[in-house]
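Undergrad: Predicted model and sequence follow; I will ask about them next.
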Amino acid sequence: MAEIKVPELAESITEGTIAQWLKQPGESVEKGEFIVELETDKVNVEVISEEAGVIQELLAGEGDTVQVGEVIAIVAAGSGAPAATPAPAVVEKAEAAPVVSTNQQPTQVVEEVEEVNSSDRTIASPAARKMAREKGIDLASVSPVDPMGRVRVQDVDAHGTTPKAQSTPAPAPTNAPVPHKEDGRITREKMTRRRQTIAKRLLEVRQSTAMLTTFNEIDMTNVMQLRSRKKDQFFEQNDVRLGFMSFFTKAVVAALKKYPYVNSEIDGDEILLKNYFDIGIAVSTDGGLVVPNIVDADRKNFAEIEATIGELAKKARDNKLTIADMTGGSFTITNGGVFGSLLSTPILNGTQVGILGMHTIQKRPVAIGDNVEIRPMMYVALSYDHRVIDGKDSVGFLKMVKELLENPEDLLLGS
């Protein structure tokens, strides 16, 4: 018999959430085979079994929070056949139609072999069944919000905390918040661990920094023309497409070298000036925004930057980013323009003191000398921590990024 424990993940990660069980009780498992997917603050991790045998028991359900080192499953020695043949009534229940869930993540229902009652016939997640047992609640008495009738943790929790009706309820204060009616018009969805972490950290940044944003606009004419002239040759030579992000990354690195305090962070009463240039690129995924890093961006040429961005974006979409991909960044670039954003104020990423926001390219009339011309223009925003960076450095940094992008040949020559 072997215990499956939550492995050591990273120095800053002490817990995770059971995202999906890949094996169920009674199923065989080989040594080194994945049996569960854990969702952490930063990435998802698949845990393997160190022994071959049969899954005897799952000690945590999908949606449960588990600590590093905690035992979450028991593997017993065996050939893989179920330890006991279930009673006919249970077998008939186990062969019921598959459950359709409104959750984005796939859900598997873990049933217990016990006396069949109304709770057994109720469709519920493992975490909901566990909570119901702990609270002594009959699942059949719980009203699910899910239109398909599946009972979730939120339903059990709401049922367990609902006070008994009073014969003559006291009138509520006129200024009291009106609770949402669970009448099917609202779908209550628990935030994923990653979304909870994103929300917590964004709020912490707003509360713990003196964040300010300065703006400028870039005439993208020369970048677009240069890219149009070079893109075919660039692709033939490097087998990667020439995009705008490599130009912005190169411009940012050059500006960071001139304005080093934008590439720093605060540690107590000290400022840590970073002598490396690991540029974070914000990537939107179904699970939320992630920021993998282009390590040593100052040492990479245009093709290497574009290739790295492509690899990181693919890993993000496939949920394959590692802890190393996500840590150690010194400055971040986020591109809301891919979604059509014209202007925004990006929020700082963690302990970094600067983030550059790109936006959509829009043709606008601009004054060129004494004439008015239609040019492809992009608004850019630099959010920064005013505790470290003064207006002179922030404006100078953004102005330098603008000048380099409006004269992209300088970037090519400098790389």
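TA: Right, received. Where do you want to start?
Undergrad: switch to C-alpha atoms for all contacts and neighbour counts from now on
TA: Will do.
Undergrad: tell me the mean pLDDT for stretch 341-349?
TA: Averaging pLDDT along stretch 341-349 gives 94.
Undergrad: Show me what that stretch is in contact with.
TA: 202, 205-206, 211, 213, 332, 334, 336, 354-357, 359-361, 378-384 (CA atoms under 8 Å, 6 or more residues apart in numbering).
Undergrad: Please tell me how far residue 134 sits from residue 156.
TA: 11 Å (CA to CA, to the nearest Å).
Undergrad: higher neighbour count, these two?
TA: The residue with more neighbours, out of residue 134 and residue 156, is residue 156; 26 against 9, by other CA atoms under 10 Å.
Undergrad: looking at it, residue 214 is touching residue 394, isn't it?
TA: Yes - using CA atoms under 8 Å, residue 214 is in contact with residue 394, at 7.3 Å.
Undergrad: which of these two has more neighbours?
TA: More crowded of residue 214 and residue 394, by other CA under 10 Å: residue 394, with 23 against 15.
Undergrad: ok so that one is a helix residue?
TA: Yes - Residue 394: assigned to a helix according to DSSP: H, G, I helix; E, B strand; the rest coil.
Undergrad: Double-check it against residue 382; I have them as touching.
TA: Yes - Residue 394 lies in contact with residue 382 (CA under 8 Å); the separation is 7.3 Å.
Undergrad: Make a PyMOL selection of whichever of the contacts of stretch 341-349 turn out to be buried.
TA: In PyMOL, selecting the buried portion of those, with burial taken from 16 or more other CA atoms under 10 Å, looks like this:
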select buried, resi 205+211+213+332+334+336+354+355+356+357+359+360+361+378+379+380+381+382+383+384
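Undergrad: so of the contacts of stretch 341-349, which ones are in helices?
TA: Judged by DSSP state H, helices contain the following of these: 202, 205-206.
Undergrad: May I see those residues arranged in CSV, with distance to residue 285 and pLDDT as well?
TA: Putting these into CSV (distance: CA to CA, whole Å; pLDDT from 0 to 100) gives the following:
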residue, distance to residue 285, pLDDT
202, 17, 85
205, 21, 88
206, 23, 86
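Undergrad: Pick the one among those closest to residue 369.
TA: residue 206 (41.0 Å; CA to CA).
Undergrad: List phi and psi for the nearest residue to the closest one once chain neighbours are set aside.
TA: What sits nearest to residue 206 in space, not counting adjacent residues and going by CA to CA, 6 or more residues apart in numbering, is residue 347, at 7.7 Å. The phi/psi pair for residue 347 (degrees, to the nearest 10) reads phi -100, psi 140.
Undergrad: what comes up buried for stretch 188-205?
TA: 192-195, 198, 205.
Undergrad: same deal with stretch 356-373?
TA: Per 16+ other CA under 10 Å, stretch 356-373 contains these buried residues: 356-362.
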